[in-house]
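Engineer: How does the following fold in three dimensions:
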Amino acid sequence: MKTKLALITAVVGLFAMTSCKHAPSEETTKAVTEFETAWSALGTTATTWGEELKATAATCTEHCTMHDSMKMDGMDAAAMTKCTEMATNCKNDKAAMDAMWGEFEAFSTGWAEATAAFGEWKGKMATMTDEEAKAALAGFQTKMDESKAKVEGWGAAYTTAKETAMKNMEACANMQKMMAEQASAKDGKKK
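Structural biologist: You can find the predicted model right below:
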């Protein structure tokens, strides 16, 4: 009888141990905390980049609008050609910035959704096994790695586009200054 009771107790104990889920390990919990910090930092980097992009795109739009309203009456053919070239450059710069902004907006929407999913998952993590938590964390890590590569790629493309736009705007401003000086000199000769 004692043997049967001991055997039943052992079987029940074994059943209880195998049917019981174990929460994620301390190591996995620490990895999640570190990941969350890195995720948040990447989100901040992307947001900061987006704000700078938006400001540069607004400057391009303002500059193109100013350039479009520039009067070319009385310009010689070479100056008109140069102005037309600058207007084309300006529109190309603006189009590049607008394209980047469209990509960034799509990224931002996806990032917000992924961030919400991460928060929801993290709230349920205590009910998962260590293996389940590690597998889910690996999925989020992949998403972050892909996002980081996008942000870094945009950063490089943006730097090039911004440098080009700034050079084009400076050349246009110099052209406008020269035209204003020439107009002023013509007005001075007429008096």
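
Engineer: Work out the gap between the strand or helix carrying Ala173 and the centre of the chain.
Structural biologist: Under the assignment given by DSSP states H and E, the secondary-structure element containing Ala173 is helix 130-190. When C-alpha coordinates are averaged (CA atoms, centre = their mean, to the nearest Å), helix 130-190 and its chain have centres 12 Å apart.

Engineer: what do you get for stretch 125-139?
Structural biologist: In terms of CA atoms, centre = their mean, the centre of stretch 125-139 is found 27 Å from the chain centre.

Engineer: buried ones in it?
Structural biologist: For stretch 125-139, the neighbour count (16 or more other CB atoms under 10 Å) marks 125, 128, 130, 133-134, 136-137 as buried. C-beta here means a position set from N, CA and C on the backbone, and glycine is covered the same way.

Engineer: now swap in stretch 98-112 and tell me
Structural biologist: Taking 16+ other CB under 10 Å as the basis for neighbour counts, the residues of stretch 98-112 that come out buried are 100, 104, 107, 111.

Engineer: And for that stretch, what's in contact with it?
Structural biologist: With CB atoms under 8 Å, 6 or more residues apart in numbering as the test, stretch 98-112 has contacts from 43, 46-47, 49-50, 53-54, 57, 147, 150-151, 154, 157-158, 161.

Engineer: center of the chain, which residue is that?
Structural biologist: Ala46 (3.9 Å; CA atoms, centre = their mean).

Engineer: For that one, give me phi and psi.
Structural biologist: Dihedral angles of Ala46 (phi, psi; degrees, to the nearest 10) stand at phi -60, psi -40.

Engineer: Grab the nearest non-local neighbour of it.
Structural biologist: Of all residues not flanking Ala46 in the chain, Val151 sits nearest, at 5.0 Å (CB to CB, 6 or more residues apart in numbering).

Engineer: Between helix 130-190 and the helix or strand containing Thr33, find me the angle.
Structural biologist: Secondary-structure element containing Thr33, defined by DSSP H and E: helix 26-68. Orientation note: helix 26-68 sits at an angle of 20 degrees relative to helix 130-190 (axes from the mean of the first three to the mean of the last three CA atoms, to 10 degrees).

Engineer: What angle do helix 26-68 and the helix or strand following helix 26-68 make with each other?
Structural biologist: Next in sequence after helix 26-68, counting helices and strands by DSSP H and E, comes helix 77-124. Between helix 77-124 and helix 26-68, the angle formed by their directions is 160 degrees, by the same axes, to 10 degrees.

Engineer: can you give me the mean pLDDT across helix 77-124?
Structural biologist: Taken as a whole, helix 77-124 has an average pLDDT of 88.

Engineer: One more: stretch 183-191?
Structural biologist: Confidence for stretch 183-191, expressed as mean pLDDT, is 68.

Engineer: Please apply the same query to stretch 63-70.
Structural biologist: In this model, stretch 63-70 has a mean pLDDT of 71.
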